[in-house]
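>>> Quick one: sequence plus predicted model below, questions after.
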Amino acid sequence: MKTVNRWLLYLVGMLVLALGLTLNTKTGLGVSPIISVAFSVSEIWGLNFGDMTFLLYTLFVAGQLVLRGRDRRLTDLIQLPLSLVFSRVLNLYSALIPYEAAEHSFALNFALLLAAIFFTGAGAAITVNMRLVPNPGDGIVVAVADKLGRGQGFGKNVFDLGCVAVTCVLSLLAAGKIVGVGVGTVAAMIGVGRAIALVNYLGKQKMCLAAGLLQEEVPAGQEV
């Protein structure tokens, strides 16, 4: 039963993460750094966002294998079918949420951005806590951090900045303007980590107990 709970929680986490990323693209204020390249490519050339995300995640998996060198793990390839399913969920959410930022006020778009950041952080926290197949975005960050010999937080900052830089250069060259990067991108860089910390503070122990990853503490005097 614990294993079933673990996979169910992982699935919930992936769905919440996909919702957060999709809502981020709807705000018109700039998208999360990790998907900014895929979003800008889809916007500039009129391509499917989910398909571009799958292609980007495939590159992330390849990057992990290269960065790890002899320490690479073939199990990392499991991220590919996961990414394919994840990208289909992104397309489904995009179709089911007909929100147009231009039709709403800045205040409402910003409120949606805050919701997007929270859902992104919550989804990331749940999936990582289940210790199953990592999301390619998380996997590449860990690989970068390991290669640099630094912590995961530093690795994420470096990778986020790299994604934003690539997006800016690519969109300027192809469209003559910056596409997909804005105040929402900066807010996501700061806020997603805080959302992860909040969700872990409020519920990490409970979700890990439900998934069988922690042993429930036995009150003093009741040990077997």
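Received the coordinates, thanks.
>>> State the number of residues packed around Gly149.
8 (other Cβ atoms under 10 Å). For every residue, glycine as well, the C-beta is placed using N, CA and C.
>>> Got phi/psi on it?
phi 70, psi 30 (degrees, to the nearest 10).
>>> ok, so what distance separates it from Gly155?
Here Gly149 is placed at a distance of 10 Å from Gly155 (Cβ to Cβ, to the nearest Å).
>>> same check, this time on Ile178
For Ile178, the distance to Gly155 - Cβ to Cβ - is 25 Å.
>>> Equivalent analysis for Cys208, please.
For Cys208, the distance to Gly155 equals 23 Å [Cβ to Cβ].
>>> what is in contact with Gly149 and Gly155 at once?
Common contacts of Gly149 and Gly155, defined by Cβ atoms under 8 Å, 6 or more residues apart in numbering, are absent altogether.
>>> So the residue lying closest to Val181 once chain neighbours are set aside, which state does it fall into?
What sits nearest to Val181 in space, not counting adjacent residues and going by Cβ to Cβ, 6 or more residues apart in numbering, is Gly30, at 5.1 Å. Classification of Gly30 by DSSP: H, G, I helix; E, B strand; the rest coil places it in coil.
>>> quick one, what contacts Gly30?
Contacts of Gly30 by Cβ under 8 Å, 6+ apart are Ser36, Gly180, Val181, Gly182, Val183, Gly184, Thr185, Val186, Ala187, Ala188.
>>> What about it? Give its phi and psi, please.
The phi/psi pair for Gly30 (degrees, to the nearest 10) is phi 110, psi 140.
>>> Look up how far Asp146 lies from it.
29 Å.
>>> Met189 now?
From Met189 to Asp146 the distance is 21 Å (Cβ to Cβ).
>>> These two: who's more crowded?
Neighbours were counted for Met189 and for Asp146 using other Cβ under 10 Å; Met189 has more, 19 against 15.
>>> Nearest spatial neighbour of the more buried one, chain-adjacent residues omitted?
Asp160 (5.3 Å).
>>> May I see the buried residues of the helix or strand containing that neighbour?
Using DSSP states H and E, Asp160 maps to helix 152-175. Of all the residues in helix 152-175, those buried under the rule 16 or more other Cβ atoms under 10 Å are Gly155, Lys156, Asn157, Phe159, Asp160, Cys163, Val164, Thr167, Cys168, Leu170, Ser171.
>>> Output the contacting helices and strands for it.
Applying 3 or more Cβ pairs under 8 Å, 6 or more residues apart in numbering; DSSP states H and E, we find helix 152-175 packed against helix 36-45, helix 136-148, helix 183-210.
>>> Spit out the contact partners of Val158.
Here Val158 is in contact with Val144, Leu148 (criterion: Cβ under 8 Å, 6+ apart).
>>> Next one: it from Asn200, what distance?
For Val158, the distance to Asn200 - Cβ to Cβ - is 22 Å.
>>> Run the angle between the helix or strand of the chain with the lowest mean pLDDT and helix 152-175 for me.
Here the helix or strand of the chain ranked lowest by mean pLDDT, DSSP states H and E is helix 136-148, holding a mean of 87. With axes from the mean of the first three to the mean of the last three Cα atoms, to 10 degrees as the basis, helix 136-148 and helix 152-175 are set at 110 degrees to each other.
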